[in-house]
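J.: could you look at this predicted model? Sequence included:
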Amino acid sequence: MKSTPDKEEAENFWREIYGKEFQHNGGEHWIENHYQQNPNMEWSPVCDKDVAQTLRAALNWTAPGRGQMAKCWFKQLTATHKHIDAICNKFIEEDQIPEWLTSRVTFLIPKNENTENTKSYNL
């Protein structure tokens, strides 16, 4: 690696992308159409089968989250699935998701030899 971008430059670049507040537009026509087609759609609790199905679709060796545990272990430790679904249901029912669950750490991975340019990195 030749050289890396200045820390402040990199932070400013990615802050422009990820640092902006985003408000969901609930008035989009496709959302209204969906609700019109499914007026009685109700929320149903997440169950351990839902957790297992989601984990099956997840890639094993991608970067772990804050718990620093690879997804392949969650797939194998099926006894945790009922606890994961209980936590998910609690967040949904209380309509409050802790900030630590929605924050992230970003690792920049160079995608070419032009490592001094902040735009030359993947997340």
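T.: Cool, the structure landed.

J.: right, and Asp50 touches Asp85 too?
T.: Yes: assessed by CB atoms under 8 Å, Asp50 is found in contact with Asp85 at 6.6 Å. (C-beta placed from N, C-alpha, C; glycine too.)

J.: what mean pLDDT does stretch 15-33 get?
T.: Average pLDDT, stretch 15-33: 77.

J.: and stretch 44-61, by the same measure?
T.: For stretch 44-61, mean pLDDT is 91.

J.: what does stretch 101-114 give?
T.: Mean predicted lDDT for stretch 101-114 stands at 81.

J.: what comes up buried for it?
T.: Leu108 (16 or more other CB atoms under 10 Å).

J.: could you pull out the helices for the chain?
T.: Applying DSSP state H to the chain gives helices spanning 7-18, 29-37, 48-57, 71-76, 81-94, 99-102.

J.: can you say which of those helices is nearest to Tyr121?
T.: Closest approach to Tyr121 among the helices of the chain is made by helix 7-18 (7.8 Å; CB to CB).

J.: deepest of the helices of the chain, which one?
T.: helix 71-76 (a mean of 16; mean count of other CB atoms under 10 Å).

J.: tell me what that helix is packed against?
T.: Under the contact definition 3 or more CB pairs under 8 Å, 6 or more residues apart in numbering; DSSP states H and E, helix 71-76 sits against helix 48-57.
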